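>>> The sequence isn't on hand, but the structure is:
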């Protein structure tokens, strides 16, 4: 039985805490809306934070180039100006409308809101797990699928499994922090951007290719070693480590949309010019929404977010203006931007 959160009703609940969802939450705060954010990932930032933290983005207005992790950090700094409610590591299963209230059922409980803004991007992300019998035992005990705090690995021997951009990014970021870094990949060559691969080869990261993880072992419930098996060979290596980070990519899940009663295509929600969906009180912004001429860019989503917020507030209270004025007039004078 899922736990019902207190029957506290929020003005706006934003589902999806990627860059567009974060900006929507910030803007909702400027409009003094009581706001909640729900995301299936354990941290803010969506794909940018999880998959591409070290990649540069070149099409954000005002930034000739900005690292993905820096953009997320700035959005978080902007967002935390307001005292919003955050529910991370929580996947939304259903959205139903009961009278004037929208009921949001998640993997952890039930939430209530007057309006909802969907900023799901490409869907809820779940890591592809390591397929060895001991993996579940050591998850959170030396085996990680996310990196939330680099300093957690300071002075430690860290192995990273994966051959894509994110795996290489983590290896390069941990190189000056960890005492030793190993990168394990099942193919002889890496599939990341050439520039990243060149940086990797020039670094002190130990490259172990082509190898697969064959077995995990530990002491007192904590991971201490990983056995590697060379591809198409019986050769094995025993690697003594403190931590293993597995980055085999993520699966994107939009299957719940078909049961929510929203008018949608295979991978997007149809919206009107005010970002409203086919369910009254439910709006969408960012890559998850679709309309004629839609261009999927972060910058596009940043423009759609205030449109969704303003129209959601107008839906809640028709006396609210959908054109509320400039940001300098919206900020609570007691809470100046930092």
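Sure thing, it's come through. All figures in this text were calculated on a predicted structure; none of them were measured in a lab.
>>> helices or strands up against whichever strand or helix holds residue 314?
If you go by DSSP states H and E, residue 314 is part of helix 298-316. Applying 3 or more CB pairs under 8 Å, 6 or more residues apart in numbering; DSSP states H and E, one finds that helix 298-316 contacts strand 3-15, helix 19-30, strand 109-118, strand 282-284. Backbone N, C-alpha and C define where each C-beta goes, glycine included.
>>> for the spatially most central residue of the chain, what are its contacts?
When CA atoms, centre = their mean is applied to the chain, the residue found nearest the centroid is residue 46 (2.0 Å). By CB atoms under 8 Å, 6 or more residues apart in numbering, the contact list for residue 46 reads 16-19, 21, 39, 121, 125.
>>> for the helices and strands packed on helix 298-316, which one sits closest to residue 314?
Closest to residue 314 of these, according to CB to CB: strand 109-118, at 9.7 Å.
>>> measure the residue in the chain sticking out farthest from the centre to residue 324 for me?
What lies farthest from the middle of the chain is residue 234; by CA atoms, centre = their mean that is 38.5 Å. According to CB to CB, to the nearest Å, residue 234 stands 68 Å off from residue 324.
>>> picking that back up, buried residues in the helix holding residue 314, which are they?
298, 300-302, 304-316 (16 or more other CB atoms under 10 Å).
>>> With mean neighbour count and mean pLDDT as added columns, please give the helices and strands packed on helix 298-316 in CSV.
Output for the helices and strands packed on helix 298-316, formatted as CSV (neighbours: other CB atoms under 10 Å; pLDDT from 0 to 100):
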stretch, mean neighbour count, mean pLDDT
strand 3-15, 18, 83
helix 19-30, 28, 97
strand 109-118, 23, 96
strand 282-284, 28, 97
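>>> can you tell which of these is closest to residue 251?
Nearest of those (CB to CB): strand 3-15, 18.1 Å.
>>> between the contacts of residue 46, which is closest to residue 31?
residue 21 (15.5 Å).
>>> Give me the nearest residue to the closest one, chain neighbours excluded.
Leaving aside its sequence neighbours, residue 21 sits nearest to residue 119 (CB to CB, 6 or more residues apart in numbering; 3.5 Å).
>>> Residue 247 too?
Closest to residue 247 by CB to CB, 6+ apart is residue 162, at 3.6 Å.
>>> Likewise for residue 313?
residue 320 (4.6 Å).
>>> And for residue 78?
residue 26 (5.0 Å).
>>> With residue 227 instead?
The shortest distance from residue 227 to any non-neighbouring residue, by CB to CB, 6+ apart, is to residue 215 (4.2 Å).
>>> Can you point out the buried residues in the helix or strand encompassing that neighbour?
Per DSSP H and E, residue 215 falls inside strand 211-219. With burial defined by 16+ other CB under 10 Å, the residues of strand 211-219 counted as buried are 211, 213, 216, 218.
>>> same question, stretch 42-58
Across stretch 42-58, burial judged by 16+ other CB under 10 Å covers 43-54, 57.
>>> now the helices for this protein?
Applying DSSP state H to the chain gives helices spanning 19-30, 46-50, 68-79, 135-138, 165-174, 194-201, 298-316, 327-330.
>>> Between these, which one is closest to residue 148.
Nearest of the helices of the chain to residue 148, taken as CB to CB: helix 46-50 at 8.8 Å.
>>> gap between the closest one and the chain center?
4 Å (CA atoms, centre = their mean, to the nearest Å).
>>> go on, stretch 33-46?
On CA atoms, centre = their mean, the centre of stretch 33-46 falls 9 Å from the chain's centre.
>>> Residue 50 contacts residue 147, doesn't it?
No. Counting by CB atoms under 8 Å, residue 50 stays clear of residue 147, with 9.1 Å between them.
>>> how far does the helix holding residue 314 sit from the chain's center?
Here helix 298-316 shows a centroid-to-chain-centroid distance of 20 Å under the convention CA atoms, centre = their mean.
>>> Sketch out the low-pLDDT regions of the stretch 201-338 of the chain for me.
For the stretch 201-338 of the chain, the stretches with pLDDT under 70 are 252-255, 329-338.
>>> Any figure for the gap between residue 248 and residue 79?
Where residue 79 is concerned, residue 248 sits at a distance of 30 Å (CB to CB).
>>> more crowded one of those two?
It is residue 79, of residue 248 and residue 79, that has more neighbours when counted by other CB atoms under 10 Å, with 23 against 18.
>>> residues of stretch 181-189 that come out buried?
Neighbour counts using 16+ other CB under 10 Å place 181-186 of stretch 181-189 among the buried residues.
>>> closest to residue 259 among those?
Checking the buried residues of stretch 181-189 against residue 259 with CB to CB, the nearest one is residue 186 at 36.3 Å.
>>> For the closest one, what are phi and psi?
Backbone torsions of residue 186, given as degrees, to the nearest 10, read phi -80, psi -10.
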